[in-house]
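# What would the 3D arrangement of this be:
(2 chains)
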Amino acid sequence: MKTKLNGILTLLLALVVQVAFAQQTVTGKVTDAEGAPILGATVQVKGSQNATTTDFDGNYSISASRTATLVYKFTGYETVEKLVGNQNVIDVTLSASLDAVVVQAYRTTTTKENNIAASQLSAEDIVDRPNASVIQRLQGQVPGLTVQTSTGQPGGNAFIQLRGASSLNGNTEPLIIVDGVPVDEDAFATFNPNDVENITTLVDAAATAIYGNRGANGVILITTKGGKFETPLQISYSVQTGFTEFIDTDYNRYDARGLLRLENRLGAGLGQTLTDSEIDNFAINTDWESVFFQTGVNQNHNLSLRSGGENVSQFTSVNYNEQESALAGRTLQRMSFRSNVNGKSDNGRFRYATTAYLGFSDSRTAGADGSGSVFFNPIWAAYNGLPYLDPNVNTSELLTGTAAFVFANAPYVNLNSQIFDRDEQDEIKIILGGDAAYDLNDEFTLRYRIGLDYTQVNDLDTASPLSALARVRATSNDFEPFEGTTAQSTFRDVRFNSNLNLGWAKKFGEGTEAEKKHSVNANAYLEYVKGHFESFGFNQVGLDPRTFAPGDGTSFIDDNGNSDEVGADAFGTKIESGLFSFFGNVAYDYDKKYGFEATVRRDKSFRFIENDGWGTFFSGALRWNISEEEFLKESDVLDLLKLRLSYGEAGNDRISGGFYGALNNTRQLFATGVGYRDVQTFVPSNTVPVADLTWETVATWNLGIDYALFNNRLFGNLELYNRKTTDLFAPQNISLVNPSSNVNTNVGSLRNNGVTLVVNYDVIRPEEDGDFALTVFANGTFNQDRLLELAPEDGRIDNGGSTILQEGQRINEFFLVPYVGVNPANGNLLFRDIDDNITESITNDDRRFTGKSLNPEFFGGFGFRSSYKNFFVETQFSYVTGTAFIDGDYENLLDVNFAGNGTLSADLERAWTPDNRITDIPSFNANNLQPGVPNDRFLVDSNFLRLRFAQIGYNFPKSLLANSFLQSGRIYVNGENLLTFSDFRGSDPEQRQVVTAFDFPQGRIIGFGLDLNF
Amino acid sequence: MKKIIIALSLVAAMASCEDATDIIQPGELGASAAFVNTNDLVIGNFGIYSVINSGTPIAFTSRFTDEVAIGSSHGGQDIAIHQGILNENTGYAETLWANNYRAIFRANTLLAAAESITPEVDEQEDYDLALGTAIALRAYAYSQLLAYYGEDLENDTALGLILLDFPANASTQLPRSTIGETYDFIFDDLDQAEALLTSANVVFDKFLVSPAFVRGLRARVANYRGDAGLAIAEANANAVLSDFTLPTTADEDDLNDFWGDVPGAGQEEAILTLDVTLNSGPALGSLFNTNASDLNGGPVFDMSREVFNTLQANFESNGDIRRNIYIDPTSIISDTYQTDINPRDSDELIVDKYPGDPILGGLQGGLRNDNKVMRTVEMHFILAEVAARRGNFAEAARQIDLVRNARYATPTVTPTYASATAAFQDILLERRLELFAEGHRYIDVRRLGTLANTGYDRDPVDCTLYQAPLCDRPATDTETQYLPIPFAEFTGNPAISGQQNAGY
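Here you go, the predicted model:
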């Protein structure tokens, strides 16, 4: 009733005022700091409903009285107020705001009212980069986020973690949400990065509690572009061409003559059959790296359309992307379409948004990356191929008969497979989201969100009957002249998410709505998550070369009675996962100075139904905007100082990491299948059940300071955090009298604590357009991970491998016997035993901690952005320390047992001999080259500093565009991974592997592009 | 707007809690539905056989001992094993241990389930068959574990095995029992199995466990015990030989058919042969050759030169028919292998003891043969050993002669042994040839090596094919005596702490 009365009074007042003052028309232009027109800014007569928005050129027209104040607002910019007075033309420049809207979980707030630890990237940090994966583009840009990419496959999966690993075996990757729809964090090959409007990363428990178990490792919110109401059609087109190159290794491989001499000495390979003079005159010298790695060509076209009417706005994009990696034949082709629609009812009480993304991609891959299957892994052949073999003699005859499949021929076999074989994944990705909100009255809003993440992959893996592999197999097959195999499968992964939300927002206090100082916002939610995974396929052996075509079944040879081997076998899988949650959240703000927020939630996971399954988790946050206090409000130096403190818990039920992993670990199950004598039988499952499995809980303390100084020249934030995981999932060793050596169970606790600092500084601010501008930025995170307790009595889970779990130590810390050097007396390896004695023979008991693991300790990124006239330059470095891995490639190149099979490193020339006793390379005949105990001889720091991204470009001058159909345009050249500094002698130090060997490295990409706006 | 509210409420109502949380995966088979009746027990045994039917013992034995040498297509497979490196981290130490305990786990699961199943009146024989089979297979798994891991087979107080007659679970933590307790456990099982299989009236089938196999296994295990097991070993070996007789003259075609799995061949040779099909059982041929057992098939491990030279000598002197059966005719036999520049490629002795089964066909068929777990000839070796231990060298020689008569086209003169060492030497030599690549050599050398004063004996040329100083190896080396208990057992089972085999 009171509200209504106020309305009537306002109306009366307005009438009175109108009588008193005459109206005049005010026009003007709203621009940003660079002078570019702002489209869609609202211009409102303060205290009235009278408002308009700026048009495409930033122009507006509104009628207002002389005493009126005009309010200029645009998302992401500081609001400006101007008194009309006697002006008819008012041009306004809006400066970018620190109050950029932070998308917080299911709500949205601005930074002053924001209680959470979050960081934000805008489209310009993402767009136009030559990398095909939006996730890989984030490396070094988000404080606390590590992005470790272990493959050079375009669009390949990157392993991401926020603030370290919160679990041992459970999932440690953050939840990724695209326009409100939770999506598979590992499937971004088919996602178009150009659609991204911004990416917000939520790290503390206050931010993530609302996502429950899925948000325990942080949340990455990807918001794609949308149209704005009342705006004309805007068309953007961008095109990019790029080149991907292999980053050279530095292993000092032998040239042909050098290797032949070595083989001659060792009595192996071709070298042992040649005389010294034959070797000296040997003509062939092949660099197999350059045979298998080449310059890949990339291209990208992106067209987008945005427009908006009175009650509906839309964004549509179409993208085509083609990317070749540095490794021949490994490509990504992608086509995508997006349509985002926003709408509202006339009175604005009902609002809705829909998002639809359809993507199709075709990846050419291979199954054996990183494996020692020499005939199936071209990287093995590139790294280890014998330099005295001639790639040009690779004829069909070569790979026939006796010598076809000797190791030395692996490069030829791989070249042959590149021609004849195909490994291809066609992926269809659909992300559908709907979001509808209805204001029941001024205080209550009912909102419903629904989302679907659909991934379908058709996998084709075929070896042509004409390939060398198939022909040679066929000669060993007495009954069919042909071999050849085709494996085809389809999987479909549908993840459904439904969220019903009742919100209540109210302000209390004196004065108008805007003046009221107490603001309360409360929400209740009901969430339902369900995942369905289905797959089926077959493996066919026996293909008729007359009709063979990859993926086609015409050539399939049926089981013809001669051989049981030809024919197809079929398989299918169907699994489900689910989660049900209800939760509530209350936020309170006093005068934008003090804030408080609390969340409580109850989750039930299908994984623990034998053990109730329910988990209850709390979180809370406090905020103090110190700079809003009277004593600081007038400060010239301090623009913003905000203190945040939060604590929260979140559960994790992904015991074994995967969304569909560990589906029924609480139950003793039996598996059916073909047993002895082909009898259909059943056996107890090899997964040993643990009936009392329960939620893993991550509890996070976070203390944050947001700051802005010197007229917002220096700004950023500082975060201190402590994350403790209890009831930790880990594989606990059990006696081998069980059918497994370990069980995944709740075994202990661990902690990640650390600090994150973000600094941005405008070194030189332009006075006016075209002046020199320079901004530097840096972020760094120091994260320390510690295992606090583990269930076994000795606090240790040890598999005798290179890394172990031990109370008080880092997670999966390398645990190795120190290698000391070569014994000058006999050329054997020398190690340090546990008592610090030098020894030649070692045991598991001699292993010790190294302080290194696969998880980075200190990491982040830095760079600068600069512009002058129409030119702009940008660089971004990323760095990682605290990591290491075992360099299996180098180990392989020093393995003299391998002479004759593959090339070796010329470092072997330094090998110990009675005449060369002081050296770092052991005798060829050392008796402990394979000591059988993990040691650090080949452990190498994989720390790196990388020029992750650099760009230089030119904006087309306005004068040039004035008479054209173009609104704006730019041209640029950029690159990724241009420089890398690392101790690692291989190609790519980003590998996240205990042992890296024959892995597919990321390449260096150079791109050229053109962006046009119509 | 009411429409919208109604629609929203409807959707919310659809999302009921149970649907998302009470999920039993499609295709789950729970414990209560698994073993329900007698037939389930019969069928369940085929899942125990599946684990027993393994190529791991042959792979480990041939590569670690002196049975094979590196072949031309070898690319590093098991190189450390071949170089004689064996410690608690070695994969085989874990696989052999875990695989046999998995068989025991499956047997115990079946036997525990059987306690709550009462056979129908006409099912008693099936029920006895099922239990007898499971118990016999458990005994076999323990006999393998004993042979590989028992610390001292002839000392009852030495460290034996972890003994379980119930299904283990995640909290099972047990120490090793003694050797004596282990023997008691195995013999108890064998007695029960024999009684059950006898009352089940099983018709002999070489592909299934039988009373004859149980007796043969009893002879084998008793023989492990040395002097303490002589009487049992002798009695049971003789009992088996009352049903199975080796041929008295050598017939190459017959023996060839036997190893080529021609149906009906070698009926007197096999006591238990584990059937290998395309879908079940190990591809034994692939332990030696990549694609096929011929020169073009990618030989990974060739026959060791020492074994070949002995076979060749026997072939030349007495027409040993095994020479042509064990070695593929496409082999390149270099007379000058000792001086060849590249003997790995110029001297290729292709192992053809597993020539493939033409009935299975195809590439896979060419790598698959039945797994001969217990053969008649072993009983003669056991009797020879028993006789040698008793000092009855003439009887020992007679038993060895019976074996040679079955394999030599031209009969040889019965040997005479001047000493126990000589007798054991000859027994070990003949076992090396006859049981080549059948997974016996490691156990044979551990048991008889010291008595015969014989260790691993590799040709010096074979030793040049890998870079390591180790070549021949005395039977006194710890690594030739027994395997280490795998490291993983210690980390998962604190009760076994301090019970590693001596020397590891």
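
# What's the per-residue pLDDT of the residue in chain B that chain A sits nearest to here?
Of all residues in chain B, residue B:362 sits closest to chain A, at 2.7 Å by Cβ to the nearest Cβ. Yep, even glycine has a C-beta here, placed from its N, CA and C like the rest. Residue-level confidence at residue B:362 comes out at 77, pLDDT.

# Angles on the backbone of it, please.
Recorded main-chain torsions at residue B:362 are phi 70, psi -180, according to degrees, to the nearest 10.

# thought it was touching residue A:565?
Yes: counting by Cβ atoms under 8 Å, residue B:362 does reach residue A:565; the two are 2.7 Å apart.

# Counting neighbours, what do you get for residue 310?
Going with chain A. 10 (other Cβ atoms under 10 Å in any protein chain shown).

# Correction: the question concerned chain B.
18.

# what packs against the longest helix seen in chain B?
When chain B is scanned for its longest helix (criterion: DSSP state H), the result is helix B:124-149. On a contact count with 3 or more Cβ pairs under 8 Å, 6 or more residues apart in numbering or on different chains; DSSP states H and E, helix B:124-149 meets helix B:38-52, helix B:91-114, helix B:179-199, helix B:211-224, helix B:441-452.

# And the nearest residue to residue A:307 once chain neighbours are set aside, which helix or strand is it part of?
Closest residue to residue A:307 apart from its sequence neighbours, by Cβ to Cβ, 6 or more residues apart in numbering or on different chains: residue A:233 at 4.2 Å. Per DSSP states H and E, residue A:233 falls inside strand A:231-245.

# again with residue A:526
strand A:518-541.

# what is the mean pLDDT for the helix or strand just after that strand?
Following strand A:518-541 in sequence order, the next helix or strand is strand A:567-590 (DSSP H and E). Mean per-residue pLDDT for strand A:567-590: 90.

# Can you name the residues of the stretch 151-300 of chain A that neighbour chain B?
A:266, A:267, A:268, A:272, A:273 (Cβ under 8 Å from any Cβ of the partner chain).

# Let's have the residues you listed in TSV, adding distance to residue A:176, secondary structure and pLDDT.
Shown next, in TSV, are these (distance: Cβ to Cβ, whole Å; DSSP: H, G, I helix; E, B strand; the rest coil; pLDDT from 0 to 100):
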residue	distance to residue A:176	secondary structure	pLDDT
A:266	52	helix	86
A:267	56	coil	83
A:268	51	coil	84
A:272	56	helix	88
A:273	58	helix	89
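
# Quick check, the residue in the stretch 101-250 of chain A closest to chain B?
For the stretch 101-250 of chain A, Cβ to the nearest Cβ, closest residue to chain B: residue A:213, 12.3 Å.

# measure that residue to residue A:651 for me?
Distance of residue A:213 to residue A:651, computed by Cβ to Cβ, to the nearest Å: 4 Å.

# What count of nearby residues applies to residue A:819?
Residue A:819: 17 neighbours (other Cβ under 10 Å).

# what do you get for residue B:460?
By other Cβ under 10 Å, neighbour count at residue B:460 equals 11.

# Now do the contacts for it.
Under the criterion of Cβ atoms under 8 Å, 6 or more residues apart in numbering or on different chains, the neighbours of residue B:460 are residue B:471.

# give me that answer again for 6 Å
With Cβ atoms under 6 Å, 6 or more residues apart in numbering or on different chains as the criterion, no residue contacts residue B:460.

# Could I get the pLDDT score of residue A:106?
Looking at residue A:106, its pLDDT stands at 51.

# Over to the one 10 residues further on?
The pLDDT attached to residue A:116 in the predicted structure is 71.

# element containing it?
Using DSSP H and E, residue A:116 sits in no helix or strand.

# Ok, the one 4 residues further on next?
Assignment of secondary structure by DSSP H and E places residue A:120 within strand A:118-122.

# Run the chain-centre distance for the helix or strand following that strand.
Downstream of strand A:118-122, the next assigned helix or strand under DSSP H and E is helix A:123-126. Relative to its chain's centre, helix A:123-126 lies at 15 Å (Cα atoms, centre = their mean, to the nearest Å).

# For helix A:123-126, name the packing helices and strands.
With contacts taken as 3 or more Cβ pairs under 6 Å, 6 or more residues apart in numbering or on different chains; DSSP states H and E, helix A:123-126 sits against strand A:196-202.

# OK, contacts around the spatially most central residue of chain A?
Centroid-nearest residue in chain A: residue A:135, 3.3 Å away (criterion: Cα atoms, centre = their mean). By Cβ under 6 Å, 6+ apart, the contact list for residue A:135 reads A:158, A:188.

# confidence score at residue B:144?
pLDDT recorded at residue B:144 is 98.

# Report the spatially nearest residue to it, omitting neighbours in sequence.
In space, residue B:144 is closest to residue B:100, 5.2 Å off (Cβ to Cβ, 6+ apart).

# Next: residue A:863.
Closest to residue A:863 by Cβ to Cβ, 6+ apart is residue A:876, at 3.8 Å.

# if I look at that neighbour, how far off is residue A:865?
9 Å.

# who has more neighbours, these two?
With neighbours defined as other Cβ under 10 Å, residue A:876 and residue A:865 compare such that residue A:876 has more, 23 against 19.

# Please give the element, helix or strand, for the more buried one.
According to DSSP H and E, residue A:876 maps onto strand A:871-881.

# Each with direction, which strands does that strand pair with?
Strand A:871-881 has the following strand partners under DSSP bridges: strand A:858-868 (antiparallel), strand A:944-955 (antiparallel).

# what is in contact with residue A:213 and residue A:651 at once?
residue A:603.

# what's the neighbour count on the closest residue to residue B:346 other than its chain neighbours?
Leaving aside its chain neighbours, residue B:346 sits nearest to residue B:340 (4.5 Å; criterion: Cβ to Cβ, 6+ apart). Number of residues near residue B:340 (other Cβ under 10 Å) recorded here: 14.

# what's the spacing between residue B:340 and residue B:334?
For residue B:340, the distance to residue B:334 - Cβ to Cβ - is 6 Å.

# Need the residues touching each of the two.
Common neighbours of residue B:340 and residue B:334 (criterion: Cβ under 6 Å, 6+ apart): residue B:346.

# ok, back up a step: could you dump the strands paired with strand A:871-881 into TSV and include mean pLDDT?
Formatted as TSV, the strands paired with strand A:871-881 follow (pLDDT from 0 to 100):
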stretch	mean pLDDT
strand A:858-868	93
strand A:944-955	93
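
# Would you convert these into TSV that also reports distance to residue A:907?
Below are the strands paired with strand A:871-881 laid out as TSV (distance: least, Cβ to Cβ, whole Å):
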stretch	distance to residue A:907
strand A:858-868	31
strand A:944-955	22
